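J.: sequence? don't have it. structure:
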């Protein structure tokens, strides 16, 4: 997916590119680290991280598709994007970020528990802050109707 030059600076394009990067990180970890599961099937951190990457992949893919659809709707003045599609995109984004980043944190914990813990704490904090901001924006939009 290569965005047109006029789309590169739009927030949805940037977010879709971030999700594409997360998708590639998750897939690469599944392919390269997945072989370690057969060597050490008792490594629960590895299995949990791989499970989170597996959980994130469909949500990342759906978010990328929805992001493209939203951009195309935005370019047409006659069409109004349904609220349910926007909410679905938000849910996909949160699940994708949450699962992907948490899986990456767990992979980092296998290297250094301190670094992995710090990254996991900051990821949870960012997700909570983003979710709070999304809920406030949603409530403000509902009040406007």
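T.: Cool, got the structure. Bear in mind the structure is a predicted one, so any value in this text is a computation, not a measurement.

J.: Check which element follows the one helix or strand in the chain whose mean pLDDT sits lowest along the chain.
T.: Ranked by mean pLDDT, DSSP states H and E, the weakest helix or strand in the chain is helix 11-33, scoring a mean of 70. Proceeding N to C from helix 11-33, the next assigned helix or strand is helix 35-39, under DSSP states H and E.

J.: Work out for me the element the nearest residue in space to residue 41 that is not next to it in sequence sits within.
T.: Of all residues not flanking residue 41 in the chain, residue 47 sits nearest, at 7.8 Å (C-beta to C-beta, 6 or more residues apart in numbering). Yep, even glycine has a C-beta here, placed from its N, CA and C like the rest. Under the criterion of DSSP H and E, residue 47 resides in helix 44-74.

J.: Now do that helix: distance to the chain's middle.
T.: A distance of 6 Å separates the centroid of the chain from that of helix 44-74, by C-alpha atoms, centre = their mean, to the nearest Å.

J.: Next secondary structure element downstream of that helix?
T.: Criterion used, DSSP H and E; the element after helix 44-74 is helix 83-109.

J.: That following helix packs against which elements?
T.: Other elements packing on helix 83-109 under the criterion 3 or more C-beta pairs under 8 Å, 6 or more residues apart in numbering; DSSP states H and E are helix 11-33, helix 44-74, helix 113-144.

J.: mean confidence score for that helix?
T.: Across helix 83-109, pLDDT averages out at 86.

J.: Make 22 the first number, not 1, from now on.
T.: Got it, first residue is 22 now, which makes that one helix 104-130.

J.: Would you mark the buried spots in it?
T.: 110-111, 113-130 (16 or more other C-beta atoms under 10 Å).
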